[in-house]
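J.: got a predicted model here, sequence first, then my questions.
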Amino acid sequence: MDKKMLKIYQLHDGYCYNSDSLFLYDFARGFLKKSFCILEIGSGSGVIGLLCAKESGASLVMVEADEASASLSQINAKSAGVEARVICEDFLQYKTSEKFDVVISNPPFYRAGVVAPKNPRIQMARNEEFLPFEKLCKQVKRVLKPNGSFIFCYDAKESHRVFYTLKAVGFNAEVMRFIHPRLDKGASLMLCRARINTKSSLKVLPPLFTHNSALQTDNTKEVKEIYQRANTHSIKVYSRDLPQNLSGKIQ
């Protein structure tokens, strides 16, 4: 893997990637191959897809509904030296005959009323009403190859609903991992790999604990290693400074 730092331009006035994105990338690493084509849903700045593409050498398509964020996905891909197609479109309206080996997403998973940010970009990135999980799964199933992987993260408190929905749509959860803020705290995030109609038993990986103490800088050894592997650097920009009218395919 290219160890060069990945510079990620992000919106001052929008949703910024966080540790969830880096944990999802690290979880996905074991399921990627150079021959694969990856689709990232709700790419935002593109950090997850770009890390996965740089890690594996796989080809990459990113779908993002917000024009400014889609523009940043393309800018960041060019900066990283990754060839990627960026589609500025609501994923639920995305029509393609292309099938993907891996579909990856850090989708909005907060229920309506749990978080109520005033910024519409942050609302779209965080509130499930903008991308309901059942509709997401049905659309993923349409674009995934028969043996392909759907890799995603979700609120750990919604695990029961996630598993029920996956099964109802025709997916089988094969691998999962819970993320805990500390050893004495409950899980806050789940990472999952699901495939279509497989018979495999669920493999539950050891939990990832993010901090040794309440200090935000007191990361565990494993988290430090994940951050080191990702090696990202955030650069903030304003949406008003980006190109406009980007609906459709960005070349």
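T.: Sure thing, it's come through.
J.: any idea which helix or strand in this protein has the lowest mean pLDDT?
T.: Within the chain, no helix or strand scores below strand 248-250, which has a mean of 45 by mean pLDDT, DSSP states H and E.
J.: how about stretch 170-188: buried residues?
T.: Buried residues in stretch 170-188, counted by 16 or more other CB atoms under 10 Å: 171, 172, 173, 174, 175, 176, 177, 178, 179, 180, 187. Using the backbone N, CA and C atoms, a C-beta is placed for each residue, glycine as well.
J.: what do you get for stretch 28-38?
T.: Applying 16+ other CB under 10 Å to stretch 28-38 flags 28, 31, 32, 36, 37, 38 as buried.
J.: ok, the second one to residue 132 distance?
T.: If I follow you right, that is residue 31. Distance, residue 31 to residue 132, using CB to CB, to the nearest Å: 25 Å.
J.: tell me where the model's unsure across the stretch 51-200 of the chain.
T.: Low-confidence regions of the stretch 51-200 of the chain, defined by pLDDT under 70, span residues 109-110, 112-127.
J.: what about residue 9, neighbour count?
T.: 17 (other CB atoms under 10 Å).
J.: do the same with residue 59
T.: Counted with other CB under 10 Å, residue 59 comes out at 18.
J.: and for residue 103?
T.: Per other CB under 10 Å, the neighbour tally for residue 103 reads 27.
J.: beta partners of it?
T.: On the basis of DSSP bridges, residue 103 is bridged to residue 39, residue 150.
J.: surely it is in contact with residue 151?
T.: Yes: using CB atoms under 8 Å, residue 103 makes contact with residue 151 at a distance of 7.2 Å.
J.: now the helices for this structure?
T.: Residue ranges of the helices in the chain, as given by DSSP state H, are 19-28, 47-56, 67-80, 120-126, 133-143, 159-169, 221-230.
J.: okay, angle between the longest one and helix 47-56 too, please.
T.: Helix 67-80 and helix 47-56 meet at an angle of 20 degrees, taking axes from the mean of the first three to the mean of the last three CA atoms, to 10 degrees as the criterion.
J.: for stretch 75-82, the distance to its chain's centre please.
T.: 17 Å (CA atoms, centre = their mean, to the nearest Å).
J.: for stretch 218-229, same thing?
T.: Distance of stretch 218-229 from its chain centroid, counting by CA atoms, centre = their mean, is 19 Å.
J.: dump that stretch to CSV, restricted to CA.
T.: Only the C-alpha atoms of stretch 218-229 are listed here, as CSV (Å, rounded to 0.1, in the frame of the first residue of the first chain):
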residue,chain,number,x,y,z
ASP,A,218,-5.8,8.4,25.2
ASN,A,219,-6.4,6.1,22.2
THR,A,220,-5.8,2.3,22.5
LYS,A,221,-2.9,0.7,20.7
GLU,A,222,-5.2,-0.8,18.0
VAL,A,223,-6.9,2.6,17.2
LYS,A,224,-3.5,4.3,16.9
GLU,A,225,-2.5,1.6,14.4
ILE,A,226,-5.7,2.1,12.4
TYR,A,227,-5.1,5.9,12.3
GLN,A,228,-1.5,5.3,11.2
ARG,A,229,-2.5,2.9,8.4
